[in-house]
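Chemist: From the sequence below, what's the structure:
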Amino acid sequence: MNIELTRNGNTMSLATSLRRRVHIYSSSLLGILAILFCGIPSNLMAQPPQGFEYFAYGYSIPVVGNPSDMTLGDFNQDGLKDMVVTSSIVGELEIFLGKLGGGFQLDDTEIFDCPLGAYEASNLDFDGDGNLDLIILTSAGILHVILGDGEGNFLNNFNLTLGIGFVTSIEFGDLNGDDQLDIAISTLSGISGGGETRLLLSVGNGDYSLSAQLFPSASALAVEDVNGDGDLDLITAGDQLAVHLNDGSASFVLSHASDLSYDVDGLMVGDLFLDGNTGNAVQDILCLTGGGEGLAFLQGVGGGSFSEPVEGYQNQLSNGGDLTLVELDGQDGLELVYISQDSASHIGVLTGHGSDGIPFEGFQEIPISSDPQCLKVLDINQDGILDAIVASSAVNMIEVYLGQPPAPDFDRGDANWDGQINLADPMTILGVLFQQNSPGISCMDAFDCNDDGFVDLSDPITELNYLFDAGTSLPEPFLGCGPDPTSDALECQPSLNSPCP
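Modeler: Numbering: from 1, shown residues only. Predicted coordinates for the structure are as follows:
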């Protein structure tokens, strides 16, 4: 079952036969007279300006060769966010210290040793000394610890000896409420055992105890509070997607299990369907499926219970990875941001919708350099808008894509911006279409009455249909201000004259 990205408009009531005749004569005469007396101008199919994108390329940062991952944290305790970039091939990591006003110090970096095959990098205070340390998962399934000194240096390196097999994935969280980060580890079966998910519970000072409780082996893990009780729960995805509820002491009970016929490469948790009460969001589960070729959703029903998974968005995702759920546009619904490692590499954004059983509606691709390895979303320049940074091993760069302010709200069909929908609006659109030297238009989206992404003769005709009750209402936002729910190249610029606040 695929989730369709469609929405239905509202149907207006039928008009009297007299008003239908007025509409037919009016729209036909307007169009015919305009063509006869003005001719068909070259700008009839208006070429719109480049439209709004969530991110736009800003700049690139040269980094250590073959970057594989990056992790962000305050490694020198100056209150600024620093960036550590690991390499999968050259056995090195590079640290970029944060600077006031946002961004990183590019002319004063340090390089330290890192295990070969570094695949995934995370940070936490491993030894309890108040300084951030690194945990590196290698392609050999080994966890490697690199201790930080609190001044932006990394000194001691050692493998974390677990005796529980080849590690495939790790997640972190305080599972037993002692203010120490614990580690969830999934392993493959082998000579030394493994084939399950285990918990390492921190007791401080770098000591961890291995919990006796066993969970299924998983290709993806998530540690999130799914039932709203304040305790972090565990989600495992392997042959089954299983939800394990935590009682607050790192003791878990199974609350949901669904058989899976596909691989899961990533898990995210968030209120995707906006079906909770105000201040009481019901969490849903999102799965990246089939090598990054689609998504599956388990809708939360409360109390840690979920619906069976439903697949969708196979037409939007292709070789996707490194998912992030964030709020980008200030509207209802979380956006899903990810990277695609296709031949046409890009940052993909699925626009949050949430209602009507549709988690996402609207889709963008922002081109990036080839062979992207990882993605982080943060406000790098501290302007209040989230940005995206991507590590590309093809060019040995961190590419920064700056977040763009969302387009202003508008009222579709209010072409003359007087706060009303009346006959003056289609006449305004016709006047612009058939006037060779039309003045600048602040909001092309308001002219796009049928929301097809173009401004042409069909738009005033659509609005005339509505005005004379022979057609349906215009697409949202209509008879009220709001953002454009569909992605197109039309633009709406902020203006003091706008009737929308």
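Chemist: What's the separation between Leu162 and Gly141?
Modeler: The gap separating Leu162 from Gly141 is 10 Å, by Cβ to Cβ, to the nearest Å. In short, each C-beta sits where N, CA and C put it, glycine included.
Chemist: Can you pick out the residue with more neighbours from the two?
Modeler: With neighbours defined as other Cβ atoms under 10 Å, Leu162 and Gly141 compare such that Leu162 has more, 19 against 16.
Chemist: Check that one and give its pLDDT.
Modeler: The score at Leu162 is 75. That number is its pLDDT.
Chemist: In a strand, Ala56, correct?
Modeler: Yes - Ala56: assigned to a strand according to DSSP: H, G, I helix; E, B strand; the rest coil.
Chemist: Who are the contact partners of it?
Modeler: By Cβ atoms under 8 Å, 6 or more residues apart in numbering, the contact set of Ala56 is 366, 401-402, 404.
Chemist: okay, the residues you listed in JSON lines with distance to Asn66 and secondary structure next?
Modeler: Output for the contacts of Ala56, formatted as JSON lines (distance: Cβ to Cβ, whole Å; DSSP: H, G, I helix; E, B strand; the rest coil):
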{"residue": "Ile366", "distance to Asn66": "23", "secondary structure": "strand"}
{"residue": "Tyr401", "distance to Asn66": "21", "secondary structure": "strand"}
{"residue": "Leu402", "distance to Asn66": "25", "secondary structure": "strand"}
{"residue": "Gln404", "distance to Asn66": "30", "secondary structure": "coil"}
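Chemist: Pass me the low-pLDDT residue ranges in the stretch 101-250 of the chain, would you?
Modeler: Counting by pLDDT under 70, the stretch 101-250 of the chain contains low-confidence ranges at 189-194.
Chemist: Would you map the strands across it?
Modeler: Per DSSP state E, counting those that start in this stretch, the stretch 101-250 of the chain carries strands over the ranges 110-113, 118-124, 133-138, 143-148, 154-159, 166-173, 182-188, 196-204, 207-210, 215-216, 220-224, 233-237, 240-246.
Chemist: Show residues contacting the last one.
Modeler: With Cβ under 8 Å, 6+ apart as the test, strand 240-246 has contacts from 175, 215-216, 226-227, 231-236, 252-260, 264, 285, 287, 298, 304, 306, 309.
Chemist: Dump the C-alpha coordinates for it into CSV.
Modeler: Only the C-alpha atoms of strand 240-246 are listed here, as CSV (Å, rounded to 0.1, in the frame of the first residue of the first chain):
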residue,chain,number,x,y,z
GLN,A,240,10.6,-7.7,13.2
LEU,A,241,10.1,-4.1,14.2
ALA,A,242,9.8,-4.3,18.0
VAL,A,243,9.0,-1.6,20.6
HIS,A,244,10.3,-2.2,24.1
LEU,A,245,9.0,0.0,26.9
ASN,A,246,11.3,1.1,29.7
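Chemist: How far does the helix or strand following that strand sit from its chain's centre?
Modeler: As assigned by DSSP states H and E, the chain's next helix or strand after strand 240-246 is strand 252-259. With Cα atoms, centre = their mean, to the nearest Å as the basis, strand 252-259 stands 27 Å off its chain's centre.
Chemist: Tell me which helix or strand comes right after strand 252-259.
Modeler: Tracing the chain past strand 252-259, the next element assigned as helix or strand by DSSP H and E is strand 264-270.
Chemist: in that next one, what's buried?
Modeler: Judged by neighbour count using 16 or more other Cβ atoms under 10 Å, the buried positions of strand 264-270 are 264-270.
Chemist: Let's have these in CSV, adding pLDDT.
Modeler: Shown next, in CSV, are these (pLDDT from 0 to 100):
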residue, pLDDT
Val264, 95
Asp265, 94
Gly266, 95
Leu267, 96
Met268, 96
Val269, 96
Gly270, 95
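Chemist: and the residues you listed, which two are the farthest apart?
Modeler: Checked with Cβ to Cβ, the buried residues of strand 264-270 reach their widest spread between Asp265 and Gly270, with 17.5 Å between them.
Chemist: Tell me which stretches of the stretch 401-501 of the chain form helices.
Modeler: Counting by DSSP state H, counting those that start in this stretch, one finds helices in the stretch 401-501 of the chain at the ranges 424-433, 444-447, 458-467.
Chemist: can you tell which of those helices is closest to Arg198?
Modeler: Arg198 sits nearest to helix 444-447 of all these, at 53.0 Å, using Cβ to Cβ.
Chemist: residues in contact with the closest one?
Modeler: The contact list for helix 444-447 (Cβ under 8 Å, 6+ apart) reads 46, 48-49, 407, 410-415, 417, 429, 432, 441, 455, 459, 484, 488, 490-492.
Chemist: Buried ones only from these, please, as a PyMOL command.
Modeler: PyMOL command restricting those to the buried ones, with burial defined by 16+ other Cβ under 10 Å:
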select buried, resi 46+48+407+410+411+412+413+414+415+417+429+432+441+455+459+484+488+490+491+492
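Chemist: Tell me which of the contacts of helix 444-447 fall in strands.
Modeler: Of the contacts of helix 444-447, none are assigned to strands by DSSP state E.
Chemist: hmm, back to that, next, format the strands of the stretch 101-250 of the chain as a markdown table and append distance to Asp383.
Modeler: Listed next are the strands of the stretch 101-250 of the chain as a markdown table, based on distance: least, Cβ to Cβ, whole Å:
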| stretch | distance to Asp383 |
| --- | --- |
| strand 110-113 | 28 |
| strand 118-124 | 25 |
| strand 133-138 | 29 |
| strand 143-148 | 29 |
| strand 154-159 | 31 |
| strand 166-173 | 29 |
| strand 182-188 | 35 |
| strand 196-204 | 36 |
| strand 207-210 | 40 |
| strand 215-216 | 42 |
| strand 220-224 | 29 |
| strand 233-237 | 34 |
| strand 240-246 | 38 |
